[in-house]
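Novice: Here is my input; please provide its structure:
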Amino acid sequence: MSTGSSDADADCGIRVVDADRVASVRAALPAEERVTEASEVFSLLGDPGRLKLLVALLEGEMCVCDLAAACGQGESAVSHQLRLLRAHRVVTARRSGRMAYYRLADAHVRLLLDVTLAHLDHARDPEAGSAASGSARPGSAAS
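Specialist: Below is the predicted model:
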């Protein structure tokens, strides 16, 4: 027997599993395929460059040139990131002649970004975060 501590030592001495609760939670969990898809979307949002593009698109539809200038990125890099985001249905594009204008795919993407940014504000200063939640940015899901 080892004298060092193990992960099991950190647990309570008595292990109790609420079988009904576990069964209820398991029944509510999404299918494995949906969990994988959601994980891929969160992975896309985990890149600072892509996240900056998405936050820029909170202000409305933009072309690659304008997005690149606004975010301080090269047009080629922005195009590549937008292809990834389109492939995962996070952004959509509208063509006008030879130009493509990108926007957030739907209100759910906007809500996800708005809630994340609000969470960061709240986590930084809980008092300011609750006051700021009543004054959402124009065009945001909360307005």
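
Novice: How many neighbouring residues does residue 42 have?
Specialist: By the criterion of other Cβ atoms under 10 Å, residue 42 has 10 neighbours. C-betas here are computed from N, CA, C, even on glycine.

Novice: After the lowest-mean-pLDDT helix or strand in the chain, which helix or strand is next?
Specialist: Within the chain, no helix or strand scores below helix 7-10, which has a mean of 54 by mean pLDDT, DSSP states H and E. Counting by DSSP states H and E, the next helix or strand C-terminal to helix 7-10 is helix 19-28.

Novice: helices and strands around the helix or strand containing residue 110, which ones?
Specialist: Using DSSP H and E, residue 110 maps to helix 107-124. Contacting helix 107-124 under the criterion 3 or more Cβ pairs under 8 Å, 6 or more residues apart in numbering; DSSP states H and E are the following elements: helix 48-57, helix 126-132.

Novice: for it, which positions count as buried?
Specialist: Neighbour counts over helix 107-124 (16 or more other Cβ atoms under 10 Å) mark 109, 110, 112, 113, 114, 117, 118, 121, 122 as buried.

Novice: what pLDDT, on average, does stretch 62-70 get?
Specialist: The average pLDDT within stretch 62-70 is 98.

Novice: What residues sit buried inside that stretch?
Specialist: By neighbour count on 16+ other Cβ under 10 Å, the buried set for stretch 62-70 is 62, 63, 64, 67, 68, 70.
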